[in-house]
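1. Just to be clear, the model below is a prediction. Sequence and coordinates:
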Amino acid sequence: MRGVPTCVLAWRMAICLGAGLLGSAPASPMAGLAAARQPSTPTFASRADLVVVHALVENADGRAVSGLTREAFTIFEDGRPQEIAFFAEEDAPVDVGLIVDGSGSMLTVRDRLIAAAGAFVALSHPDDRMFALVFTERLRSALPPSAPFTADAAVLQAALSSVLRPRGRTALYDAILHGLDYVAAGTHLRKALIVVSDGGDNASVATFDQVLRRTQASNAVIYTVALSDALERGANPGRLRRLADASGGEAFQPSRPEQIEDAMRHIARDIRSSYTLGYAPANAVQDGRLRRIRVSVRSPDGRPLSVRSRQGYVVEVR
């Protein structure tokens, strides 16, 4: 699926010239884990909010395009052009979470998943901060509360090895909600989640609709890697695809286990190639509906370009 990566985030408008973009202090990621199985829906503060959009620009050959300026982009919300207040070129550091299905259906690909996590880190920005959550009917953080993020591939792989013991049932929806809470506690403006699962869920308190709405109200781009067994009746890769599409990410469905690492490498390259833009919405009404976003881009030499970004975001009524 090649959709369009707009990460949309409502940050309180606090732009310091020369210092970047600031937001209100996030909750502790471990506090989010302690509130397990309590799905919530985020709300955006109204007029002071900045919507942050991540956009991957590709040429006709599907290759990422670098070197574009702010003037090349136009953002539309519900068909109305918006003034771009913040712009950063590609390859800015990111907070990224790996959400891994630890149920019995993952037993045969455990070692490949751990190797793929290392390959992802190896291609990532050196200042990226990463975490991993493994879920069955329970949710476990691979990293300790004292060091909830890491940039070290060996540390991440060792942490995954210690907690990834495939067995039990699947609480996918609860895990994604906690992943969104966890990544929100990171320090980088850009956020991403990588969800590795067959898409099935038989143990969550949260529903898919709650997860979808939360995704639409989050700043995180979600990439999904669907590992489906033809004999697994509960698998649902289509729902993973919907979440990726809603967030502006991309969905992968490897047909062979050895393709898992290829998918992770592709995701790492996409994340490093995205532009980041921000705007203060002209429409400040809190109506609880989905605002549609479209990003257009012009090539300096007139060549056709495509953009993958989030298609909208939700402003909740407070």
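-> That came in fine, so what should we check first? Because the structure is a prediction, the values reported are computed rather than measured.

2. I'd assumed residue 221 was in contact with residue 243.
-> No - the pair residue 243 / residue 221 is not scored as a contact, 10.5 Å apart, by Cβ atoms under 8 Å. Yep, even glycine has a C-beta here, placed from its N, CA and C like the rest.

3. what sits in contact with each of those two?
-> residue 249 (Cβ atoms under 8 Å, 6 or more residues apart in numbering).

4. Which one's more surrounded, the two?
-> The neighbour comparison of residue 243 against residue 221 (other Cβ atoms under 10 Å) goes to residue 221, with 31 against 25.

5. Could you report the pLDDT at that one?
-> Residue 221 is assigned 94 on the pLDDT scale.

6. remind me, longest strand of this structure?
-> Ranked by number of residues, the top strand in the chain under DSSP state E is strand 49-58.

7. Just the helices from this protein, written as ranges.
-> 29-34, 110-123, 153-163, 172-184, 208-216, 237-247, 260-272 (DSSP state H).

8. Save these as TSV, and put in distance to residue 193 and mean pLDDT too.
-> What follows is the helices of the chain, written out as TSV (distance: least, Cβ to Cβ, whole Å; pLDDT from 0 to 100):
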stretch	distance to residue 193	mean pLDDT
helix 29-34	13	48
helix 110-123	12	94
helix 153-163	15	94
helix 172-184	5	97
helix 208-216	9	95
helix 237-247	8	95
helix 260-272	10	96
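
9. tell me which helix or strand of the protein sits lowest on mean pLDDT?
-> Least confident helix or strand, the chain: strand 15-16 with a mean of 28, by mean pLDDT, DSSP states H and E.

10. which ones are touching the spatially closest residue to residue 98 that is not a sequence neighbour?
-> The shortest distance from residue 98 to any non-neighbouring residue, by Cβ to Cβ, 6 or more residues apart in numbering, is to residue 132 (4.3 Å). Contacts for residue 132 (Cβ under 8 Å, 6+ apart) come out as 97, 98, 99, 100, 117, 141, 142, 143, 156, 159, 160.

11. Out of these, which comes closest to residue 185?
-> residue 97 (10.2 Å; Cβ to Cβ).

12. Quick one: residues contacting that closest one.
-> Here residue 97 is in contact with 130, 131, 132, 133, 179, 182, 183, 192, 193, 194 (Cβ under 8 Å, 6+ apart).

13. So it versus residue 261, what's the distance?
-> Counting by Cβ to Cβ, to the nearest Å, the separation of residue 97 from residue 261 is 18 Å.

14. Also residue 197?
-> Residue 197 is 17 Å from residue 261, by Cβ to Cβ.

15. Check the model's average confidence along the longest strand of the chain for me.
-> pLDDT averaged over strand 49-58 gives 88.

16. CA atoms only: put it into CSV for me.
-> Extracted in CSV, the C-alpha atoms of strand 49-58 (Å, rounded to 0.1, in the frame of the first residue of the first chain):
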residue,chain,number,x,y,z
ASP,A,49,-2.8,24.1,18.3
LEU,A,50,-0.3,23.4,15.6
VAL,A,51,-1.0,20.5,13.3
VAL,A,52,2.2,18.7,12.3
VAL,A,53,2.3,16.8,9.0
HIS,A,54,4.9,14.4,7.8
ALA,A,55,5.1,13.9,4.1
LEU,A,56,7.1,11.5,1.9
VAL,A,57,7.6,12.8,-1.6
GLU,A,58,8.3,10.4,-4.5
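
17. other SSEs contacting that strand?
-> Using 3 or more Cβ pairs under 8 Å, 6 or more residues apart in numbering; DSSP states H and E, the elements in contact with strand 49-58 are strand 10-12, strand 73-77, strand 84-88, strand 275-279, strand 290-297, strand 306-309.

18. In JSON lines, list the ones you listed along with mean neighbour count.
-> JSON lines is the format used below for the helices and strands packed on strand 49-58 (neighbours: other Cβ atoms under 10 Å):
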{"stretch": "strand 10-12", "mean neighbour count": "19"}
{"stretch": "strand 73-77", "mean neighbour count": "17"}
{"stretch": "strand 84-88", "mean neighbour count": "17"}
{"stretch": "strand 275-279", "mean neighbour count": "23"}
{"stretch": "strand 290-297", "mean neighbour count": "18"}
{"stretch": "strand 306-309", "mean neighbour count": "21"}
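
19. and residue 228, what is it in contact with?
-> 198, 199, 235, 237, 253.

20. among these, who's most crowded?
-> Going by other Cβ under 10 Å, residue 199 tops those with 26 neighbours.

21. Quick check: closest non-adjacent residue to that residue.
-> The nearest residue in space to residue 199 (Cβ to Cβ, 6+ apart) is residue 236, at 3.8 Å.

22. Next up, phi/psi of that neighbour, please.
-> Dihedral angles of residue 236 (phi, psi; degrees, to the nearest 10) stand at phi -150, psi 70.

23. Start the count at 896 instead of 1 going forward.
-> Shifting the count to begin at 896 puts that one at residue 1131.

24. and the gap between it and residue 1090?
-> Applying Cβ to Cβ to residue 1131 and residue 1090 gives a distance of 12 Å.
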